[in-house]
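Q: next input, structure requested:
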Amino acid sequence: MERIAQSYSAVLHEDFKTNRSKMDEIYGIEYAVIHAIGAEGMPLLRHHLCNASIRLAQKAIWSGDHETAFAFLDEFMTNARSLRSETVEPTAASSLILSDCPHAVRALSKESVLFRLSWNAFNPLRTDPRFIRYIEEVEAWEDTIPPSSSD
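A: Predicted coordinates:
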């Protein structure tokens, strides 16, 4: 399953940059599939779940559904907490597929989580105490992940 997720990430990376509607649809499918099979013990799948949940939170905000956005943000934060000190090592078989996607094999750093929470889509939530708590929590994290030269 992790191999499928790695391939999926590499193949669709370019399309995500140019087609938001397709991106939202694919993240929705990915979210449903990962929940159906479970991601326990699989850091790469939890990493994908983080990506999907933060994007779906963004989509919910654009739709005006802030409560759904917070449900996705809660899930994002839960997975980010568990991934912040893990590393997701590529296997020899996946290294070539992921060669131009270095972000797909790194754990979520403090800076990465803060960057995602800084997206303009989240502006309507900035004064909500729940959102403020996310930011305060992440800012208090010690970042044990060294910065990547490709960031």
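
Q: alpha carbons only for contacts and neighbour counts from here, please
A: Noted.

Q: low-confidence ranges, the protein, go.
A: Within the chain, the segments meeting pLDDT under 70 span 1-22, 41, 85-107, 143-151.

Q: helices along that one, start to end?
A: Per DSSP state H, the chain carries helices over the ranges 2-18, 20-37, 43-62, 66-83, 92-95, 110-117, 129-140.

Q: would you turn the ones you listed into TSV with distance to residue 123?
A: Converted to TSV, the helices of the chain look like this (distance: least, C-alpha to C-alpha, whole Å):
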stretch	distance to residue 123
helix 2-18	21
helix 20-37	19
helix 43-62	9
helix 66-83	11
helix 92-95	37
helix 110-117	9
helix 129-140	10
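
Q: out of the ones you listed, deepest packed?
A: helix 43-62 (a mean of 22; mean count of other C-alpha atoms under 10 Å).

Q: which strands or helices does that helix pack on?
A: On a contact count with 3 or more C-alpha pairs under 8 Å, 6 or more residues apart in numbering; DSSP states H and E, helix 43-62 meets helix 2-18, helix 20-37, helix 66-83.

Q: give the contact list for residue 52.
A: 27-28, 30-31 (C-alpha atoms under 8 Å, 6 or more residues apart in numbering).

Q: try 6 Å this time
A: 27, 31 (C-alpha atoms under 6 Å, 6 or more residues apart in numbering).

Q: cool, and residue 133?
A: If you count contacts by C-alpha under 6 Å, 6+ apart, then residue 133 has nothing around it.

Q: mind checking how far it is from residue 32?
A: Applying C-alpha to C-alpha, to the nearest Å, the value for residue 133 to residue 32 is 27 Å.

Q: before we move on, what about residue 139?
A: 30 Å.

Q: and residue 25, by the same measure?
A: Taking C-alpha to C-alpha, one finds residue 25 at 11 Å from residue 32.

Q: with residue 72 instead?
A: Distance from residue 72 to residue 32, by C-alpha to C-alpha: 12 Å.

Q: how close does residue 28 get to residue 80?
A: In terms of C-alpha to C-alpha, residue 28 sits 18 Å off from residue 80.

Q: so for residue 59, what's the nearest residue that isn't a sequence neighbour?
A: Leaving aside its chain neighbours, residue 59 sits nearest to residue 24 (7.4 Å; criterion: C-alpha to C-alpha, 6 or more residues apart in numbering).
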